[in-house]
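A.B. asks: okay, structure incoming, though there's no sequence with it:
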């Protein structure tokens, strides 16, 4: 039964993915085994390709298959607007909105005294460099509205003080949001930032 | 940006796994890309191996890497006890309990008029063959306690009537279960099958 171990090993590896536990990994592997031709083989090949080619963009930290990512290489995107995000997933979320035509800077996390994550772990020095060298005219802080995200935003705003105008995403009621389901902090923020109609 | 498409294609394939949607597939792919050496490459290799080698056991329908699975080949397992399950996942669940030392027969689903699944789609004829040819002394119906599972159990019991003793898993209060959280059907079944202490 030596080979049966491969299936168990595959389940164990799949269970290490976020969002999958041992039970859902077993279901996923059974699903894959039943769809060998249409799903398992293509997935194996694509994973091997991506494992070979995926890398972090040297400029912004985005995940791409080139040393400088497609967004940083795109001449149609403004280099005067720089959007700072915590994570590549946040960059992808911004891109899905299709509204932002500047460039990005991925921090790779938030400052955290508990996890001893300081500015040097977060590509903050690189951000300061880019602001000077790339002629950035506005830095948009698109950090998560969590305590860690906002602490990091304050730190970055301090570092860039006087060098470049800094803005941050508006806080308020999400589109489709119902007041009854919103937390007090969001309602307070939306009230404080109210606009004349 | 042609290669960036590989990452998007990988996300699209991962989103086809049960338990993952588009959002969790993105998270999983980012997780994989960050752990290229420790997770993505091994996963790609293991998937390729399993895609090459995994197959359904010709005798019982279990998923294994040999034509006859490890359980059917194991001489230490009794061939006189045959446990009938709906699905390979159920077989694995039985094996995790470590209590059953007989062999299995995987139906591959349940009878369903709506989905036009008849006995021939379910390896039921093969089950009848095995009962005659393998000297089975007891068939244990370990089908799910759902309407489809129980309908299928009744059909199989009819087919095997008079050929072999048939039993089914006991129904009752699960270990650790609290009466207040159990449905009426389970409480009724547990009451009807009460045992003297």
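C.D. replies: In hand now; what should we look at? Since the model is a prediction, treat every value here as computed from it, not as a measurement.
A.B. asks: in three-state terms, label residue A:67 for me.
C.D. replies: coil (DSSP: H, G, I helix; E, B strand; the rest coil).
A.B. asks: counting neighbours, what do you get for the residue lying closest to it once chain neighbours are set aside?
C.D. replies: Distances taken as Cβ to Cβ, 6 or more residues apart in numbering or on different chains put residue A:58 closest to residue A:67, at 5.4 Å, once the chain neighbours are dropped. Where C-beta positions appear, they are placed from N, C-alpha and C, glycine not excepted. Using other Cβ atoms under 10 Å in any protein chain shown, the number of residues around residue A:58 comes to 12.
A.B. asks: isn't residue A:58 up against residue A:68?
C.D. replies: Yes - when contacts are counted by Cβ atoms under 8 Å, residue A:58 is listed as touching residue A:68 (6.2 Å).
A.B. asks: could you measure from the residue lying closest to residue A:87 once chain neighbours are set aside over to chain B?
C.D. replies: Among residues not flanking residue A:87 along the chain, residue A:106 sits closest, at 6.6 Å (Cβ to Cβ, 6+ apart). Distance of residue A:106 to chain B, given as Cβ to the nearest Cβ, to the nearest Å: 11 Å.
A.B. asks: show me what contacts residue A:106?
C.D. replies: Listed by Cβ atoms under 8 Å, 6 or more residues apart in numbering or on different chains, the contact set of residue A:106 reads A:60-62, A:85-88, A:90-91, A:123.
A.B. asks: mind listing the helices for chain A?
C.D. replies: For chain A, the helices defined by DSSP state H cover A:4-14, A:22-34, A:41-53, A:70-73, A:88-97, A:124-133, A:147-160, A:184-192.
A.B. asks: and the ones you listed as JSON lines, adding mean neighbour count, mean pLDDT and distance to chain B?
C.D. replies: JSON lines is the format used below for the helices of chain A (neighbours: other Cβ atoms under 10 Å in any protein chain shown; pLDDT from 0 to 100; distance: least, Cβ to the nearest Cβ, whole Å):
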{"stretch": "helix A:4-14", "mean neighbour count": "18", "mean pLDDT": "89", "distance to chain B": "5"}
{"stretch": "helix A:22-34", "mean neighbour count": "19", "mean pLDDT": "92", "distance to chain B": "4"}
{"stretch": "helix A:41-53", "mean neighbour count": "19", "mean pLDDT": "93", "distance to chain B": "4"}
{"stretch": "helix A:70-73", "mean neighbour count": "18", "mean pLDDT": "92", "distance to chain B": "4"}
{"stretch": "helix A:88-97", "mean neighbour count": "16", "mean pLDDT": "89", "distance to chain B": "6"}
{"stretch": "helix A:124-133", "mean neighbour count": "15", "mean pLDDT": "92", "distance to chain B": "18"}
{"stretch": "helix A:147-160", "mean neighbour count": "17", "mean pLDDT": "92", "distance to chain B": "17"}
{"stretch": "helix A:184-192", "mean neighbour count": "12", "mean pLDDT": "86", "distance to chain B": "21"}
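A.B. asks: list the contacts of residue A:61.
C.D. replies: Contacts of residue A:61 by Cβ under 8 Å, 6+ apart are A:88, A:104-108, A:123.
A.B. asks: ditto for residue A:167
C.D. replies: Residue A:167 sits next to A:138-141 when contact means Cβ under 8 Å, 6+ apart.
A.B. asks: kindly state the pLDDT recorded for it?
C.D. replies: Looking at residue A:167, its pLDDT is 92.
A.B. asks: how near is it to chain B?
C.D. replies: 26 Å.
A.B. asks: just residue A:98 next, same as before
C.D. replies: 15 Å.
A.B. asks: repeat that for residue A:80.
C.D. replies: Counting by Cβ to the nearest Cβ, the gap from residue A:80 to chain B is 22 Å.
A.B. asks: next: residue A:103.
C.D. replies: When residue A:103 is compared with chain B (using Cβ to the nearest Cβ), they lie 15 Å apart.
A.B. asks: who does that residue bridge with?
C.D. replies: Counting by DSSP bridges, residue A:103 forms beta bridges with residue A:82.
A.B. asks: ok, it - contacts?
C.D. replies: A:60, A:71-72, A:77-79, A:81-83.
A.B. asks: top of those residues by neighbour count?
C.D. replies: Neighbour max across these (other Cβ under 10 Å) = residue A:60, 25 neighbours.
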